[in-house]
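Peer 1: model this:
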Amino acid sequence: MATAQEVHELATGLLFPEGPVAMPDGSVVLVEIRRGTLSRVTPDGKVEVVAELGGGPNGAAIGPDGAAYICNNGGFAWTTVGDMVVPMDLATRSSQPPDFEGGWIERVDLATGESTVLYRDCDGHRFTSPNDIVFDTDGGFWFTDLGKSRPRDLDKGGLYYARPDGSSVEEISFGNLGANGVGLSPGGDRVYVAESFTGRLWAWDIESPGKVRDRGGTGLLATTGHFDSLAVEADGTVVMAAIGDGLCCYRPDGSHEYVPMPDPFTTNVCFAGDELRTAYVTLSGTGRLVAVDWPRPGLELAYS
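Peer 2: Alright, predicted model coming up:
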């Protein structure tokens, strides 16, 4: 395990933040799942609500039109444990709230806060917990559906590809146990998915936008932990938030190591700053956004 990194606190009091996106003006746009908002953390640490979305906004990415595209999980059940919140009813082991009606993908105009729902289902199958999203250079986006858990069963998860104009969405793979973080390789020829409930990292080789060579994918890493979202470095290293363990760095040579973080619910990471050597990390259990000096440059996203 790598040495713990010094963290610089940027914002506190966030209600289970995830999906950080570094913006050109130095601010960070992120979702607050429990608050139901898309929010902005300014360089001086102030938190501003960009849009009231309801449900459970879970992941965010900037599209080619400059708008934010949101994976909304439709809402979670919650439990407070001491000074932390957990996105599950721990008494029943259910993440699905009583009034749940499904999740969706939506577009948010960052200037006005206006939101438009793009997708609620694929081929008639409703989304139960859209989670994470990444755009490719062709202007389409990959996203995951984690699924909900209930007292005695849980949904299978999947990987999808969609166009930002709401015209098409396609199921790429289905059957994961908690499809969570999603990201693209430096060459854009591979899509990665972190599987929450098994602590696995999967990859699909991309033949063309939204098309993969093998729908079954390839397993790259299996751990005894639980993964959340991910980001990719310039050299192809995949950095996954690992519940209880901080950040897990999977290198192109197949090796991996953990970087501890001061919150068991470390959930998301993105890169920013000079040479993209600053990692913004969401510490969701305690409601914080922090910055960490990163030893390697991150991968520049298609749009920002």
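Peer 1: isn't residue 242 right next to residue 199, touching?
Peer 2: Yes: the pair residue 242 and residue 199 passes the contact test of Cβ atoms under 8 Å, sitting 7.5 Å apart. The C-beta positions use only the backbone N, C-alpha and C, and glycine is treated the same way.
Peer 1: joint contacts of the two?
Peer 2: 223, 225-227 (Cβ atoms under 8 Å, 6 or more residues apart in numbering).
Peer 1: residue 50 and residue 31: what is the separation?
Peer 2: As judged by Cβ to Cβ, to the nearest Å, residue 50 and residue 31 stand 10 Å apart.
Peer 1: and the two? Which one has more around it.
Peer 2: Per other Cβ atoms under 10 Å, whichever of residue 50 and residue 31 has more neighbours is residue 31, with 34 against 21.
Peer 1: now name the helix or strand holding that one.
Peer 2: For residue 31, the host element (DSSP states H and E) is strand 28-32.
Peer 1: can you name the next helix or strand after that strand?
Peer 2: Using DSSP H and E, the next helix or strand after strand 28-32 towards the C-terminus is strand 37-41.
Peer 1: give me the residues contacting that following strand.
Peer 2: Applying Cβ under 8 Å, 6+ apart, the contact partners of strand 37-41 are 10-11, 14, 17, 23, 27-32, 47-53, 57, 60, 68, 70, 108, 113, 289.
Peer 1: try it again at 7 Å.
Peer 2: 10-11, 27-32, 47-53, 57, 60, 68, 70, 108, 289 (Cβ atoms under 7 Å, 6 or more residues apart in numbering).
Peer 1: ok, now stretch 80-88?
Peer 2: 16, 33-34, 76-79, 94-95, 265, 285-286.
Peer 1: please pick the buried ones from those residues.
Peer 2: 16, 33-34, 76-78, 94-95, 265, 285-286 (16 or more other Cβ atoms under 10 Å).
Peer 1: about what we covered before: now the buried members of the contacts of strand 37-41.
Peer 2: For these, a neighbour count by 16+ other Cβ under 10 Å gives the buried set as 10-11, 27-32, 47, 50-51, 53, 57, 60, 68, 70, 108, 289.
Peer 1: coming back round to it: of all the buried ones among the contacts of stretch 80-88, which two lie farthest apart?
Peer 2: Using Cβ to Cβ, these reach their maximum pairwise distance at 94 and 286, which is 23.1 Å.
Peer 1: if we can go back for a sec, among the contacts of strand 37-41, which are in strands?
Peer 2: If you go by DSSP state E, the contacts of strand 37-41 have 10-11, 28-32, 47-52, 57, 60, 68, 70, 108, 289 in strands.
Peer 1: fine by me, thanks again.
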